[in-house]
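Trainee: Have a look at this prediction, sequence included:
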Amino acid sequence: MFADRVLSGMRPTGGLHLGHYHGVLKNWVELQHQFECLFFVADWHALTTHYDTPEVIEQHVWDMVVDWLAAGVDPAQATLFIQSKVPAHAELHLLLSMITPLGWLERVPSYKDQQEKLSERELSTYGFLGYPLLQSADILIYRATRVPVGEDQAPHIEFTREIARRFNHIYGKETGFREKAEMAIKKLGSKKSRVYRELRNRYQEHGDQQALAAAKSLLDEQQNLSLGDQERLFGYLEGGGKMILSEPEVMLSLASKMPGLDGQKMSKSYNNTISLREDEADVIKKIRTMPTDPARVRRSDPGDPAKCPLWQFHLVYSNEETREWAHIGCTTAGIGCLDCKQPVIDAILAEQKPMHERARMYEEDPTLVRNIIADGCERADELAQETMRDVREAMGLDYS
Ligand code: TRP
Ligand code: SF4
């Protein structure tokens, strides 16, 4: 019923590094060519855990947007915006909170996990408990159909689906819905209405998912049906009412293979990162001083790539041929570690060159970034208002 729309958000945690690039941003850059995409800075989400250090948020927001642009996220293809500049997210969050059982929030795994992990922070707050619901509002307000996230976020998307279902169940009942749906069926024409009824029966009586899918695609193809009727017939398939909020699908992005400088996962908290816009000289220095196989003390000692953090970088950056050269060179002591590191250094610098070039333009003229975000916020707000009109109406708030 709704065309595919991709939405994802990132908390403004400061400058991004190559782990973010390989884990998330490269994926966004690809998606923007395939789908309508919305990408936003989740600054309110940052406040749920960092409410006592508000002074860092602003700088982090702009640094992160420049990193997105540097990585190749293209404002001509995707809508880029900031959550707090589209206040309707907060309105939907509040309205959804009316129907959200506390137990559902308490059972989201990240709630207890993060409280334990970030034990130095006081996270027994209303805002932190509501984190997944705010995320649901972010997604549902755009009727996003696909949400690319890492595996840790999958429970939040599942939670969002449950909230959408509950909302539709409670508010999707229009007076005279059944009669209106029956009238809409007649408008399909005699042959198609027979097929629709048959598929609907098969789904409702036997839970036949294939029949459900077939009925949905039948509706998708109807061009002479009004949007309202089409929505009713979608709702009528699955039970009672109208579908006001649509359930998003999770698009799991594969965990980033990007290792850190010490062989652990690249992460700011391990202090083992190369930032997206790291200076050339620092990239060189960081790779040159990276630890290697500890058994390779002298140049003449053969090494074992399996025990070397640098080897992980070859797996990300080198082709077959270079890897073979490094592998043989290492295990036979034919090359030194600095020789082995050089192709990795070259590959990282080549990857970063276009990023530096794009970033330079935005660093020199910050108003460019402000304008991109202003345009994106305006567009996002328009889309959000479309959903909010339906939500307010469904919840009895459309009086003036
Ligand atoms: N919780 C997400 C994270 O920490 C960020 C986020 C907020 C998000 N709202 C979203 C991601 C909506 C996808 C969709 O990574
Ligand atoms: Fe690591 Fe390469 Fe040195 Fe072998 S030669 S230990 S793979 S850096």
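Mentor: Arrived safely, thanks for sending. Ligands and ions are numbered 1, 2, ... in the order given.
Trainee: shaky segments in the stretch 101-250 of the chain?
Mentor: 239-240 (pLDDT under 70).
Trainee: Near the residue of it found nearest ligand 2, how many other residues are there?
Mentor: For the stretch 101-250 of the chain, the nearest residue to ligand 2 under the criterion CB to the nearest ligand atom is Gly150, separated by 28.5 Å. (Glycine included, C-beta is placed from N, CA and C.) Using other CB atoms under 10 Å as the criterion, Gly150 is surrounded by 13 other residues.
Trainee: Leaving out sequence neighbours, find the closest residue to it.
Mentor: If the residues on either side of it in the chain are set aside, Gly150 comes closest to Ser253, at 5.9 Å by CB to CB, 6 or more residues apart in numbering.
Trainee: Check whether the one you found really touches Val24, as I assumed.
Mentor: Yes. Under the criterion of CB atoms under 8 Å, Ser253 lies in contact with Val24, with a separation of 6.5 Å.
Trainee: Overlap of the contact sets of the two?
Mentor: Taking CB atoms under 8 Å, 6 or more residues apart in numbering as the contact definition, Ser253 and Val24 share the neighbouring residues 148, 150.
Trainee: So between those two, which is more surrounded?
Mentor: Val24 (21 against 18).
Trainee: That one in helix, strand or coil?
Mentor: Put simply, Val24 is helix when judged by DSSP: H, G, I helix; E, B strand; the rest coil.
Trainee: quick one: it and Met10 touch, right?
Mentor: Yes. Counting by CB under 8 Å, Val24 touches Met10, with 7.2 Å between them.
Trainee: residue ranges of the strands in the protein, please?
Mentor: 5-10, 36-41, 78-82, 146-149, 249-252 (DSSP state E).
Trainee: Can you lay out these as CSV showing mean neighbour count and distance to Glu393?
Mentor: Supplementary listing: those in CSV, determined by neighbours: other CB atoms under 10 Å; distance: least, CB to CB, whole Å:
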stretch, mean neighbour count, distance to Glu393
strand 5-10, 22, 21
strand 36-41, 23, 23
strand 78-82, 23, 25
strand 146-149, 20, 25
strand 249-252, 15, 26
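Trainee: For ligand 1, which of those strands is the nearest?
Mentor: strand 5-10 (3.4 Å).
Trainee: the inter-axis angle of the closest one versus strand 78-82?
Mentor: In this structure, strand 5-10 runs at an angle of 40 degrees to strand 78-82, with axes from the mean of the first three to the mean of the last three CA atoms, to 10 degrees as the basis.
Trainee: Against which helices or strands is strand 5-10 packed?
Mentor: Using 3 or more CB pairs under 8 Å, 6 or more residues apart in numbering; DSSP states H and E as the contact criterion, the neighbours of strand 5-10 among helices and strands are strand 36-41, helix 131-140, strand 146-149.
Trainee: any chance of those in a markdown table, with distance to Ala350 too?
Mentor: Compiled in a markdown table, those are given as follows (distance: least, CB to CB, whole Å):
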| stretch | distance to Ala350 |
| --- | --- |
| strand 36-41 | 25 |
| helix 131-140 | 35 |
| strand 146-149 | 26 |
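Trainee: With respect to Glu378, which of the ones you listed lies nearest?
Mentor: In terms of CB to CB, the element of the helices and strands packed on strand 5-10 nearest to Glu378 is strand 36-41, at 12.7 Å.
Trainee: what about the closest one, distance to the chain center?
Mentor: Mean-position distance between strand 36-41 and its chain equals 8 Å (CA atoms, centre = their mean, to the nearest Å).
Trainee: Which residues are in contact with the residue nearest to Gly150?
Mentor: By CB under 8 Å, 6+ apart, the contact set of Ser253 is 23-24, 27, 148-150.
Trainee: so which of the residues you listed comes closest to Leu349?
Mentor: Comparing these against Leu349 with CB to CB picks out Gly23 as the nearest, at 20.3 Å.
Trainee: tell me which parts of the stretch 251-400 of the chain are close to ligand 2?
Mentor: Taking CB under 6 Å from any ligand atom, the part of the stretch 251-400 of the chain that reaches ligand 2 is made up of 292-293, 296, 303, 305, 308, 310-311, 326, 330, 335, 337, 340-341.
Trainee: can you put those residues in a markdown table and add pLDDT?
Mentor: Formatted as a markdown table, the entries for those read as follows, by pLDDT from 0 to 100:
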| residue | pLDDT |
| --- | --- |
| Thr292 | 97 |
| Asp293 | 97 |
| Arg296 | 95 |
| Gly303 | 97 |
| Pro305 | 97 |
| Cys308 | 97 |
| Leu310 | 97 |
| Trp311 | 97 |
| Ala326 | 98 |
| Cys330 | 98 |
| Ile335 | 97 |
| Cys337 | 98 |
| Cys340 | 98 |
| Lys341 | 98 |
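Trainee: burial of the residue nearest to Gly14 when sequence neighbours are not counted, as a residue count?
Mentor: When the adjacent residues along the chain are set aside, Gly14 lies closest to His60, with 4.8 Å between them (CB to CB, 6+ apart). For His60, the count of nearby residues is 18 (other CB under 10 Å).
Trainee: same deal with the one 4 residues further on?
Mentor: Look at Met64: counted by other CB under 10 Å, it has 22 neighbours.
Trainee: State the distance from it to Leu25.
Mentor: Applying CB to CB, to the nearest Å, one obtains 10 Å for the distance of Met64 from Leu25.
Trainee: Could you do Lys191 as well?
Mentor: The gap separating Lys191 from Leu25 is 49 Å, by CB to CB.
Trainee: now do Glu320
Mentor: Between Glu320 and Leu25 the computed distance is 26 Å (CB to CB).
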